[in-house]
Structure formats: structure tokens, C-alpha cells
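**Student:** Sequence first, predicted coordinates after that:
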Amino acid sequence: KIIETEAHDLLLPRISFSFPVSDKTVFYSQFGKFAQFPRLDQLYSSSYGFSRAIAPEDRSPYGGNLGFQVRPERTTLFENGIRQILSDNLGFTLTAFYKDTKDQIQIRRHFNSAGVPIFTSYQNVDFGTVKGIEFTLDLRRTNRLSARVNYTMSDAKGTGSSSRSGAVTVSDELRSRPPEFINRMPFNQTHRGSIFLDYRFGKGDGGPVLEGMGMNAILTF
């Protein structure tokens, strides 16, 4: 049975503001809601591809799969921070962030009235959260040297890392109704950082040979 799908109306506010505490300190904060549909090839298919998606002989999760009446994936983002000038050439930024994503699509089985799995499709069943803090130290060019040090500590957890991460589970008929568990995401990096150094001769500095010449180095971990 082919039916007309319902429209989705979403209110997606985005608010950002900052205010100075003194001539050297600034607090800032932002909040935003975002929404995005999955890829179009996960929502639409040819008549042949559609027939394969629901055919009894093609119940493998690696066959054709479609998202029937899926909702947009929704993300809510919070961020708060402070910027502080320590000296004429040195300053730091400290930021705390939180991102929550709901209605992510994942492969799941459809069952008939007898509880027998009949085909698979994408459904809005997954969610994930990312939270953490970020510290950045900036050194404006002093004695030819400029530098930036960045460190981020974060935690990313959710029920699925991609739209097909449940494919192996749903392919097992004995576990066709899998339970949901919250796990660390494969892309989770608890500690991440970088150090950027740039040493450079300015205009009129270093003589005719070294004027404008420089070198830089980047370390990431």
C-alpha cells in the first residue's frame, strides 16, 4: 500500500552572544538546533530496487534497504566559554560543549503479525551524545615566534556509529530484535591535541638573505 507521507515542521533556533567582563575577559555562549535528512539513496529507490528490498529471497541486510517514512535527524548543540588575555601577546580560550543527536537511522527488521521478520529498512532508532572541554593557548608573534597549543578532552557515546552498524545483528534470525546498548563511538578520542610553532623573520628583519624566511612545525596527538 502506497501512502502519502506527512510533512515535517521543525523550529530550529540558533542563538549566540558574548559579553565582556573586563577589557581582558570575555564570556560567550551559543545554542543551536539543527536537522538533516539522511542521504537520498537511503530514502528513494527504483521500482526494481524497492521490490528487492521487500522480497522474501532478499532478506539480507546487505541487500536493498529503504527508509520508510523516516524523520529528520535532529541535533542540539550547547557551547559556553571564556577568552582571557594574560599579557599583551598571550591569551587563552576555555570552551565546554555538548552535542546531542536524536533520530539517527539504523537498519532494523520489520515483522509480520506472527512475529516473523520479513524485511529490513532504515528506522529512526539511534542516538548519540558528544561532550567535552577544549583549551587553547595563543602566543602572538614575539621575538619572531608565534605558537598555538590546543587540547580537547571529549566523550562520544551512542547506540550506533553509522546507519549500517547494525547490519550483522539483524542478519541473525535468532537476534532479530536486538537490545540497545550505549557504547563509545569508534570515532571517540578522549584526548586530542596539537601544538603549532612558527618562527619567521619579518619585513626588514634578518638582512637580504633571511628577510621573510621562516619555518614551522606541527605536532598532533
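**Tutor:** Arrived safely, thanks for sending.
**Student:** from what I can see S165 touches Q106, true?
**Tutor:** Yes: here S165 reaches Q106: they are 7.1 Å apart, a contact under C-beta atoms under 8 Å. From N, CA and C alone the C-beta is placed, and that goes for glycine too.
**Student:** Looking at the two, which one has more neighbours?
**Tutor:** Shown here are S165 and Q106; by other C-beta atoms under 10 Å, Q106 has more neighbours (23 against 17).
**Student:** Just to check, the more buried one is in contact with D126?
**Tutor:** Yes: at 4.5 Å, Q106 counts as touching D126 under the criterion of C-beta under 8 Å.
**Student:** Mutual contacts of these two, please.
**Tutor:** 159-160 (C-beta atoms under 8 Å, 6 or more residues apart in numbering).
**Student:** confidence score at the nearest residue to E211 once chain neighbours are set aside?
**Tutor:** Nearest residue to E211 in three dimensions, chain neighbours excluded: F201, at 5.7 Å (C-beta to C-beta, 6 or more residues apart in numbering). As predicted, F201 sits at a pLDDT of 90.
**Student:** where along the protein do the helices fall?
**Tutor:** All helices of the chain, identified by DSSP state H, fall at 47-54, 167-170, 207-210.
**Student:** if you average pLDDT over each of these, which comes out lowest?
**Tutor:** Averaging pLDDT over each of the helices of the chain puts helix 167-170 lowest, since it has a mean of 60.
**Student:** Please identify the buried residues of the longest strand along the chain?
**Tutor:** When the chain is parsed with DSSP state E, its longest strand is strand 117-142. For strand 117-142, burial by neighbour count (16 or more other C-beta atoms under 10 Å) applies to 119-130, 132, 134, 136-139.
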